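the following block contains a protein sequence and its predicted model.
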Amino acid sequence: MTKNTWNYRVMIDDNDGKKSPTYSIHEVYYHEDGSPEDYTKMPETMISDDVEEIFWCLENYIKAFALPMISIPNFPKEVPIHESFQ
């Protein structure tokens, strides 16, 4: 991947084990070597005046489920893909 490459990824927050984990979709940015560098701190939302843009987002959100999740508290550590997503 080249610098400033990004995609959507499912991220998991274990909430320090105090309650059930929460899942969200974020933009993740990558170093030149393809390793995660940073992510948007606020999860993605779908608000647009263009229905095609929302469709594009939905397609790419779905693609995120084919990739390992990323741990929010342990960024950039990846978490194995859940069996039901395969």
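Arrived safely. Numbering: from 1, shown residues only.

give me the contact list for stretch 21-41.
Outside stretch 21-41, the residues that touch it by Cβ atoms under 8 Å, 6 or more residues apart in numbering are 1-15, 42-44, 61, 64, 69-70, 75-76. For the C-beta atoms, the positions are set from N, CA and C on the backbone; glycine is no exception.

now, which of those residues lie within strands?
Among the contacts of stretch 21-41, the ones falling in strands (DSSP state E) are 5, 6, 7, 8, 9, 10, 11, 12, 13, 69, 70.

got a PyMOL select line for the buried ones in the contacts of stretch 21-41?
With 16 or more other Cβ atoms under 10 Å as the criterion, this PyMOL line picks the buried residues out of the contacts of stretch 21-41:
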select buried, resi 6+8+9+10+11+12+64+69+70
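
pLDDT weak spots in the protein?
1-4, 81-86 (pLDDT under 70).

which residue of it sits farthest from its center?
What lies farthest from the middle of the chain is residue 49; by Cα atoms, centre = their mean that is 23.3 Å.

could you report the separation of that residue from residue 55?
Using Cβ to Cβ, to the nearest Å, residue 49 is found at 13 Å from residue 55.

equivalent analysis for residue 47, please.
For residue 47, the distance to residue 55 - Cβ to Cβ - is 14 Å.

more neighbours, those two?
Between residue 47 and residue 55, counted using other Cβ atoms under 10 Å, residue 55 has the larger neighbour count: 12 against 7.

which SS class is the more buried one?
Put simply, residue 55 is helix when judged by DSSP: H, G, I helix; E, B strand; the rest coil.
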